[in-house]
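[1] Would you be able to build a 3D model of this:
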Amino acid sequence: MATIMDGKALAAEIDMRTANRIQRLADQGITPGLVVILVGKDPASQIYVRNKERRAKKLGIHSIVRNLPETISEKELIKIIQEYNEDPTVHAILVQLPLPEQINEFHVTMAISPTKDVDGFNPFNLGKLLINKTDQTPIACTPQGIMSFFKKYQINLDGKKAVMVGRSTIVGKPMAALLTNANATVTIAHSHTHHLSELTREADILIVAIGVAHYIKAEDVKPGAVVIDVGMDRDSNGKLVGDVDFESVEKKASYITPVPKGVGPMTITTLISQTVTMAEWSSEKNG
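    So this is what the prediction gives:
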């Protein structure tokens, strides 16, 4: 049976360290500022934003949620982003995805200043990650949270064969870069990959973010593999489940993340921690 990697417990541990860092900034008269921009009323996005706001306020971060109408134009949204770019009390800006069809996601990502891009999606920050020059560089929160699991559970990535199932800019591509920078040998697989199971069965480290409930079964996993499930799906009964069939894979893996209480809590914790880090960078620059 696999060791279950407890994201909720690890998140609480990191939150305690983050709270101490926030206090040190407070002693300098600095309050980390996070702006989350939510366009429209997507129910899942509203839940994510509410959870982020709750955690931020609990830890003493100045959190602003800017709710904007579904009908807002791209030009108006970018103007609002630029105002926050110029606001010295704001250290981190996040635009919740998805966006309405009249707004180009890439243009919005480009509009966020790289120094305030808490999600790490700006091409400048992604480029620095790719070439492993990450000093004072925000990195996508979910992949960074996954790296915290590896550190906590002392999982050595050096020379390991890692398969990343999913190629999004949010998870797959930055995760592959982080694994490569940690000296793993990385394969990115996705919905167009032929004979996917042959690849996943070779993986020492298997990370799944494909968005299909229970997509990965026990027969797709190498005995003793470390399995990270990024999926947030609903089964036929409406129960929250992952992309990995937890019950069968748990018996075969050495480590596994559950859904819920796995990667999800770590994403929000990493967002808050990175906001504080960006406030620290700002104070160093201005100090």
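
[2] Run through the residues that contact residue 226.
    Contacts for residue 226 (CB atoms under 8 Å, 6 or more residues apart in numbering) come out as 150, 155, 204-206, 253-256. In short, each C-beta sits where N, CA and C put it, glycine included.

[3] The spatially closest residue to residue 218 that is not a sequence neighbour: which element?
    Nearest in space to residue 218, with sequence neighbours left out and distances taken as CB to CB, 6 or more residues apart in numbering, is residue 248 at 3.8 Å. Here residue 248 sits within helix 246-250, counting by DSSP states H and E.

[4] Now flag whichever of the contacts of residue 226 is closest to residue 241.
    Nearest to residue 241 among the contacts of residue 226: residue 256, at 13.4 Å, using CB to CB.

[5] who touches the closest one in this structure?
    Neighbouring residues of residue 256 by CB under 8 Å, 6+ apart: 2-5, 226-229, 244, 246, 249-250.

[6] Dig out what it forms beta bridges with.
    Legend: beta-bridge partners of residue 256 under DSSP bridges are residue 4, residue 227.

[7] re the thing from before, I'd like to know which of the contacts of residue 256 are buried.
    The neighbour count (16 or more other CB atoms under 10 Å) marks 2, 5, 226-229, 244, 246, 249-250 as buried among the contacts of residue 256.

[8] in stretch 224-237, what's buried?
    For stretch 224-237, the neighbour count (16+ other CB under 10 Å) marks 225-233 as buried.

[9] Do you have the helices of the stretch 101-250 of the chain handy? List them.
    For the stretch 101-250 of the chain, the helices defined by DSSP state H, counting those that start in this stretch occupy 105-111, 123-130, 141-152, 172-181, 196-200, 246-250.

[10] And those: which comes nearest residue 20?
    For the helices of the stretch 101-250 of the chain, proximity to residue 20 was assessed by CB to CB; helix 141-152 is nearest, at 16.7 Å.

[11] could you point out which element follows the helix or strand hosting residue 26?
    Using DSSP H and E, residue 26 sits within helix 7-27. Using DSSP H and E, the helix or strand that follows helix 7-27 towards the C-terminus is strand 33-39.

[12] Can you list the neighbours in contact with that following strand?
    The contact list for strand 33-39 (CB under 8 Å, 6+ apart) reads 45-46, 49, 52-53, 56, 61-70, 72, 77, 80-81, 84, 87, 89-96, 99-100, 103, 118, 271-272, 275, 279.

[13] what about it, average pLDDT?
    Across strand 33-39, the average pLDDT comes to 97.
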